[in-house]
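1. dropping the sequence and predicted coords here.
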Amino acid sequence: MTSRPRTPDRLPLTAPLRHAAFRALLGGRTLMYFGNGLATAALGFAVLDVTGSVIHLGLVLATRSLANVSLLLLGGVLADRLPRPLLLLGACAVAAASQGGIAAAVLLDAASLPLLMALSLVNGAAAAANIPAALALTPQTVPADLLRPANALARMGLQLGRVAGMSLGGLLVGLVGPGWAIVVDAVAFAAAGGCFALVRLPRAPAPAATAGNVLRELREGWTEFVSRPWVWIVVTQFMVLNAMVNGGTRILGPAIADETFGRTLWGLVLAAETLGALVGGVLAARWQPRRALCFGVALSGAFALPLTMMAVAPNAALLFVAMFLTGVAVEQFGIAWELSVQRHVPPEKLARVYSYDALGSFMALPVGEACIGPLAALVGTEATLLGAAALVLLATAAALGSRSVRTLTLD
């Protein structure tokens, strides 16, 4: 008696690991986000130690975000035109150098606000190349029927890297200071580059964009982006969500932690969301509804929960639970989104669409990061965080009001 072939729903979660290129990509992405997690936990306290100002912290992070947003479209063009593993290797080398510079400046008591802003700008430029290239590379490393478990594993690696980075970052900040934590961050980016160097692709992967006029290639990517209403509507939703969540957790969060439960526990609170996302990733890899994007968009409103908790009950244990539940909920969106884009956008234009996705999602970050500190000083931290939570819920409701979001399937 012959056995029935496995359907995508019945494929084991570990099936993509049989492919060496995917294993190398997974290792590189995990290390890259380990470095990002470490920086999230350490950089805020480094800037606060140097300048003593939440407003200055917002300026440093806004500078990184501004560089990232400004260069994302170019990063998408490069990722569709150049070998993606090579582009990732170079970007990680630049990120390692910039983080190493920040660590050296902090450890040698040579850090200043202009220097921290300049090095953060370089790091943001490197991320502009990393984001679209890493996302568009996944379909080139596995067969089409393994895309769902591959995306789930990639996002689980991302979350595992973050949770480990945030946890270790909080521990190192408490034990030896933020400077040494950022040293480990730089080493992680260098190791990620080594993994990307090991990604070997077939000679005929998804065709790259032909070398030519950059503006023409950007117009092609824009046409792909706006031709699907569900794409730009969800991206607009996350423009609001990312600005509110990033400003609330990365700018006001460290100041709240300093005033209440301490820096080490703040690292664990940040890690709780990522731990929840790991659980959510396992669940999403096993099952998603047919209209997965609608389901994920609805659950993304959970971002309002930790913002509300920071405002009304800044307790480490309660925040840990709130962040964990948020991670479980929001990861359903992450996997549904990546699958939807990868299945509905031509491979040769995928990185450019991802770059417009990242640009739209992140373009409000510099404004949110630069303005939330002065706004909290003006109207109070509690009112600012509650206002941010309300905007998260309003943006989510608006996205769900679109028929194209509610009816899109993964078929």
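-> Sure thing, it's come through.
2. residues in contact with Thr260?
-> Pro314, Asn315, Ala316 (C-beta atoms under 8 Å, 6 or more residues apart in numbering). Yep, even glycine has a C-beta here, placed from its N, CA and C like the rest.
3. do you know the pLDDT at the residue lying closest to Phe22 once chain neighbours are set aside?
-> Nearest non-adjacent residue to Phe22, counting by C-beta to C-beta, 6 or more residues apart in numbering: Thr141, 4.0 Å away. Note on Thr141: pLDDT of 89.
4. about what we covered before: so which of the contacts of Thr260 wins on neighbours?
-> Tallying neighbours with other C-beta atoms under 10 Å puts Pro314 at the head of those, with 20 neighbours.
5. test my guess that that residue contacts Ile256.
-> Yes - counting by C-beta atoms under 8 Å, Pro314 does reach Ile256; the two are 5.1 Å apart.
6. quick one: the helices in the stretch 101-250 of the chain?
-> Here the stretch 101-250 of the chain has its helices, by DSSP state H, counting those that start in this stretch, at 113-141, 147-175, 178-197, 214-226, 229-246.
7. distance of Ala186 relative to Leu318?
-> Going from Ala186 to Leu318 by C-beta to C-beta, to the nearest Å gives 34 Å.
8. do Ala95 as well
-> Ala95 sits 34 Å away from Leu318, going by C-beta to C-beta.
9. contact partners of stretch 334-350?
-> Stretch 334-350 has contacts (C-beta under 8 Å, 6+ apart) with 80, 135-136, 138-140, 147-148, 151-152, 155, 206-209, 220-221, 224, 228, 230-231, 234, 277, 281, 284-285, 288, 292-293, 295-296, 353-354, 357, 408, 410.
10. just stretch 315-324 next, same as before
-> Outside stretch 315-324, the residues that touch it by C-beta under 8 Å, 6+ apart are 260-261, 265-266, 268-270, 272-273, 275-276, 305-306, 308-310, 313.
11. ok, now which ones touch the nearest residue to Ala398 once chain neighbours are set aside?
-> Counting by C-beta to C-beta, 6+ apart, Ala398 lies nearest to Gln237, which is 6.8 Å off, once chain neighbours are set aside. By C-beta under 8 Å, 6+ apart, Gln237 lies in contact with Val297, Ser300, Ala395, Thr396, Ala398, Ala399.
12. can you check Leu31 too?
-> Gly161, Ala188, Phe189, Ala191, Ala192, Cys195.
13. hmm, try it at 7 Å
-> Applying C-beta atoms under 7 Å, 6 or more residues apart in numbering, one finds that Leu31 lies in contact with Gly161, Ala188, Ala191, Ala192, Cys195.
14. now, among the residues you listed, which is nearest to Leu17?
-> Closest approach between the contacts of Leu31 and Leu17, by C-beta to C-beta: Cys195, at 14.1 Å.
15. pretty sure the closest one contacts Leu26?
-> No - using C-beta atoms under 7 Å as the test, Cys195 is too far from Leu26 to be in contact (8.3 Å).
16. how about low-confidence regions in this protein?
-> For the chain, the stretches flagged by pLDDT under 70 are 1-11, 203-212, 411.
17. that older thread, so which of the contacts of Leu31 is the closest to Ala390?
-> Gly161 (31.5 Å).
18. the closest one touches Leu38, doesn't it?
-> No - using C-beta under 7 Å, Gly161 is not in contact with Leu38, being 9.3 Å away.
19. neighbour count: those two, which is higher?
-> Using other C-beta under 10 Å as the criterion, Gly161 and Leu38 rank with Leu38 on top: 33 against 24.
20. give me every residue that touches that one.
-> Gly165, Leu168, Gly169, Ala181, Val184, Asp185, Ala188.
21. host element of it?
-> helix 20-51 (DSSP states H and E).
22. for that helix, what is the distance to the chain centroid?
-> Centroid separation for helix 20-51 versus its chain: 10 Å, with C-alpha atoms, centre = their mean, to the nearest Å.
23. swap in stretch 175-191?
-> Distance of stretch 175-191 from the chain centroid (C-alpha atoms, centre = their mean) equals 19 Å.
24. go on, stretch 46-62?
-> For stretch 46-62, the distance to the chain centre is 21 Å (C-alpha atoms, centre = their mean).
25. contacting residues around that stretch?
-> Contact with stretch 46-62 is made by 44, 106, 111, 113, 116-117, 120, 178-179, 182, 250-251, 254-255, 366, 369-370, 372-374, as judged by C-beta under 7 Å, 6+ apart.
26. quick one: Gly161 and Pro314, what's the gap?
-> Taken as C-beta to C-beta, the span from Gly161 to Pro314 is 27 Å.
27. and if you look at Tyr354?
-> Going from Tyr354 to Pro314 by C-beta to C-beta gives 36 Å.
28. send me stretch 61-73 as PDB with only the CA atoms.
-> Output of stretch 61-73 as PDB, limited to C-alpha atoms (Å, rounded to 0.1, in the frame of the first residue of the first chain):
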ATOM      1  CA  LEU A  61      17.000  56.400  17.800                       C
ATOM      2  CA  ALA A  62      15.200  58.700  15.400                       C
ATOM      3  CA  THR A  63      18.500  59.300  13.600                       C
ATOM      4  CA  ARG A  64      18.900  55.500  13.000                       C
ATOM      5  CA  SER A  65      15.300  55.200  11.900                       C
ATOM      6  CA  LEU A  66      15.600  58.200   9.600                       C
ATOM      7  CA  ALA A  67      18.600  56.700   7.800                       C
ATOM      8  CA  ASN A  68      16.900  53.400   7.600                       C
ATOM      9  CA  VAL A  69      13.700  54.800   6.100                       C
ATOM     10  CA  SER A  70      15.600  57.100   3.700                       C
ATOM     11  CA  LEU A  71      17.600  54.200   2.200                       C
ATOM     12  CA  LEU A  72      15.100  51.400   2.200                       C
ATOM     13  CA  LEU A  73      14.000  51.800  -1.400                       C
END
